[in-house]
Each structure stands twice: as structure tokens, then as C-alpha cells.
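S.K.: sequence and predicted structure below; questions after.
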Amino acid sequence: MRRRDGAKQLSSFLYNSPERDINGVTTTRPMFDSYPQLSGALPWLPLADLPTPVEPVSGIGSNAWIKRDDLSHAVYGGNKLRKLEFILADVLARGKTHVITFGATGTNHGVATAMLCQQLGLRCTVLLFEQPPSTTVRDNLARMRHFGAALQFCGSLANTVRHYYLHPKRLSHRHYFLFAGGSNVAGTMGFINAAFELRQQIDTSQCPLPSQIFVPVGSSATLAGLTVGAALAGIESDIIGIRVAPSHLGIIPTCTPATVNQLIRQTCAALTKADLSLPTMPTAKLIDSYYGDGYGVATKAGSSATEKFAECGITLDQTYTAKAAAAFLDAARQSTEVKLYWHTFNSRPVNRGIPSR
Ligand SMILES: Cc1ncc(COP(=O)(O)O)c(C=O)c1O
């Protein structure tokens, strides 16, 4: 009961105008400044601490830059916060009260979703599949429990996906089914906005225009959103996705250029409905060669990138960011052009928001 009231109360914070005033703080998002027609069409909630800083990575080279999405929230940052600003607004706009999602046992998406659902008075269930054990896995399970998520361990990825699609609450009008990683059209909007944020930082000389931008790719909305956003915001950089998840589940493609491009097409269709069309549909660039032996399995290149970044005070994880950072380091060493690494992993310590374990 308390939850439903909370959701109802918070739905009054669902904004469809570019200017928002929360507790005396005015917030906006650069995508709405550039395309005001979107503000009336896309529900959005100010849940993340944006803009995130963009900085040189001094220990790597004068051409190496980093976008600090690890700082996107005071308690738990990372790339999911940007997506959830749009997703959870969509949840409330549709009158849903319970989010059901899935991910690996160390899912960063599960933590961010559980944290913000708790903040908004929504229920959250996370279906989990096994991944190799690591500190991140242990910490994230503790975080999801702390943020009140109901956890269901489903075994293999295939079992978990089956459970997600055949879930008994599929037809319930109170439940919102959220694809792994928050990669639906609403989530992709968060990374379109991220590209506009970078555009503003370039325009105000906070960083140079990079020739290439590197991001890890799991469920795809980060790469899809940045690719569309860069085209809309006039950022000419190559947006390069580093695949860190299996390309196929059986014969079903799960992380391929085609799957990312499908999300791009769906997102562009939603933008067209909001009266914003791109002259040509951008397409995703995805590199496979840093994946190694599997999802969550450390690679040699990833481990050496982790050591290098640690010297610069940046913590990487072995599943996502180590592999993308390895590609970035190779590119930065091979050319003097400016390269940007988009850091997607939370850097807030585990005890932030968690009193004791
Ligand atoms: C730390 C981190 N980086 C990158 C990604 C990949 O982002 P996406 O799922 O949007 O491809 C994820 C999520 O799955 C993540 O948790």
C-alpha cells in the first residue's frame, strides 16, 4: 500500500517539460534543450547526477580522455542511471508498480534498478543467471538485497530468459518487464541524451572532439543511444562498441551489429513519432576481438588495462570495462588522435547506502 502511494506521489514528478524544479534545484537535460519537441513526448525523471565529468587520463597519454559515468549517482553510479531516468518515468507513466528484470548474479543493472525502484516506491524483482564469481558479484548481490529487490536464482542464462518471457505475471497490468541491462527504447533515450551532454562539453572546451569513442556492449542500449545521439548532436566521432557478451544464445543473435541496429531502428521510430527524424539511419560499429573466452571471464588484455587504469586512479571490472578499456588503450597507443573511453562501471564504494554487511 505504502509503495503504491509512493508511486502515485512520485508520478507528480513525471515531467514532460524541459525545465524541472525539484526541491529548489532546477534540472534539465541537453537533449530537450536541443529538441524541445521531445520534452512533451518522452517521460523523464531527474534521477542521475548529470553531467558527468570528462577528463584527460593523464597517465596514458595527452590524447586519452575519459567520460566519468562511474560518478553518475552519489550512492551507485555507472551507465544504468542514464537509462533509468527514462525507463522508470515510463514505468510510472504507464501506472505500473512492479519492475521485473533479469541479469547475471553480478548485474550492475539490477543494483541500479533496485536502488531507484526503492527510491520511487516501486517493487523490483531480479531474475538471475550464473556468472563467474568475483568481488563485483558478491558486492552487487549484497546491494540488491539491501535495496529491497526480490532475487530469483534461475540457473543458466537460457533458463532465466525462458522464465522472463514465460513469467506468470506477463499479462498483469501492474508489472513492467524490463529487458536485461535496461536496453529498451526508453533506456536508449538516456544515451541519446548522453551524446548531447558530451556535445555541450566539447562546445564549452571541456574536452576536444575525439576521433573515436569506446564503450562496452552487453545488452546494447549504451552503444545504440550513443550512435543515434552522436548523429543527432553532430558529433563526428566513430562510436566503437566492444562486445563483452555472447553474440548468440543458441541460434538466436543477442549481441551483434544486427541486434544493436534493431534497437537503433526501434528508437528512431519512437523519435519519428515525436517529430524528430534523422536523414539517414546510423549503424553500429561493434568489435568482437576483445571478448575472450566468455561473459565475465577475464582476459589478459583486460587485466593489463585494469592495472594501467589503476595507476591512474580508475577501477575497472573484468566483465565490461576492462575489455573496452583494452581496446581504447590499443587505439590511444597507435595514434595521436584524441580517443575517449566512456567509463560505464560504478566507482562508489559498496558501503555507500549500505550500513553494514
Ligand atoms: C559496467 C557496465 N558497462 C557496460 C555495460 C553494457 O551496457 P549495455 O548493456 O547498454 O550494452 C553494462 C551493462 O550491461 C555494465 O554493467
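M.R.: Yep, that arrived.
S.K.: which parts of the stretch 101-250 of the chain are helices?
M.R.: Listed in chain order, the helices of the stretch 101-250 of the chain (DSSP state H, counting those that start in this stretch) span 108-120, 135-146, 157-165, 185-203, 221-233.
S.K.: if you compare those helices, which one is most tucked away?
M.R.: Stretch with highest mean neighbour count among the helices of the stretch 101-250 of the chain: helix 221-233 (a mean of 27; mean count of other Cβ atoms under 10 Å). (C-beta placed from N, C-alpha, C; glycine too.)
S.K.: distance-wise, check the closest residue to Gln152 other than its chain neighbours relative to Arg170.
M.R.: The shortest distance from Gln152 to any non-neighbouring residue, by Cβ to Cβ, 6 or more residues apart in numbering, is to Leu127 (5.0 Å). Distance of Leu127 to Arg170, given as Cβ to Cβ, to the nearest Å: 13 Å.
S.K.: neighbour count for the two, which is higher?
M.R.: Leu127 (23 against 11; other Cβ atoms under 10 Å).
S.K.: wait, the more buried one sits on Ala104?
M.R.: No - if you go by Cβ atoms under 8 Å, Leu127 and Ala104 don't touch, sitting 10.5 Å apart.
S.K.: circling back: may I see the helices of the stretch 101-250 of the chain organised as TSV, with mean pLDDT and distance to the ligand added?
M.R.: Listed next are those as TSV, based on pLDDT from 0 to 100; distance: least, Cβ to the nearest ligand atom, whole Å:
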stretch	mean pLDDT	distance to the ligand
helix 108-120	98	3
helix 135-146	95	9
helix 157-165	95	13
helix 185-203	98	7
helix 221-233	98	3
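S.K.: compare those helices and give me the one nearest Val297.
M.R.: Nearest to Val297 among the helices of the stretch 101-250 of the chain is helix 135-146; the distance by Cβ to Cβ comes to 12.8 Å.
S.K.: packing partners of the closest one?
M.R.: If you count contacts as 3 or more Cβ pairs under 8 Å, 6 or more residues apart in numbering; DSSP states H and E, helix 135-146 packs onto helix 108-120, strand 150-155.
S.K.: quick one: name the residues of this structure near the ligand.
M.R.: Counting by Cβ under 6 Å from any ligand atom, the chain comes close to the ligand at 78-79, 108-109, 181, 183, 216-223, 317, 320-321, 344-345.
S.K.: among these, the buried ones, what's the PyMOL command?
M.R.: A single PyMOL command suffices to select whichever of the residues of the chain next to the ligand are buried according to 16 or more other Cβ atoms under 10 Å:
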select buried, resi 78+79+108+109+181+183+216+217+218+219+220+221+222+223+317+320+321+344+345
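S.K.: which ones among the residues of the chain next to the ligand are found in strands?
M.R.: Judged by DSSP state E, these include Pro216, Val217 as members of strands.
S.K.: burial count for Leu171?
M.R.: 7.
S.K.: now swap in Gly250 and tell me
M.R.: So Gly250, with other Cβ under 10 Å, has 8 neighbours.
S.K.: got a list of what it touches?
M.R.: Residues in contact with Gly250, defined by Cβ atoms under 8 Å, 6 or more residues apart in numbering, are Ala158.
S.K.: ok, it to the ligand distance?
M.R.: 20 Å (Cβ to the nearest ligand atom, to the nearest Å).
S.K.: can you give me the distance of Leu122 to Cys268?
M.R.: Going from Leu122 to Cys268 by Cβ to Cβ gives 29 Å.
S.K.: show me what contacts the residue nearest to Gln152?
M.R.: Ile100, Thr101, Phe102, Gly103, Gln152, Cys154, Thr160, His163, Tyr164.
S.K.: CSV for those, including distance to Gln131?
M.R.: Putting those into CSV (distance: Cβ to Cβ, whole Å) gives the following:
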residue, distance to Gln131
Ile100, 19
Thr101, 16
Phe102, 12
Gly103, 9
Gln152, 15
Cys154, 12
Thr160, 11
His163, 16
Tyr164, 16
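S.K.: cool, thanks, talk later.
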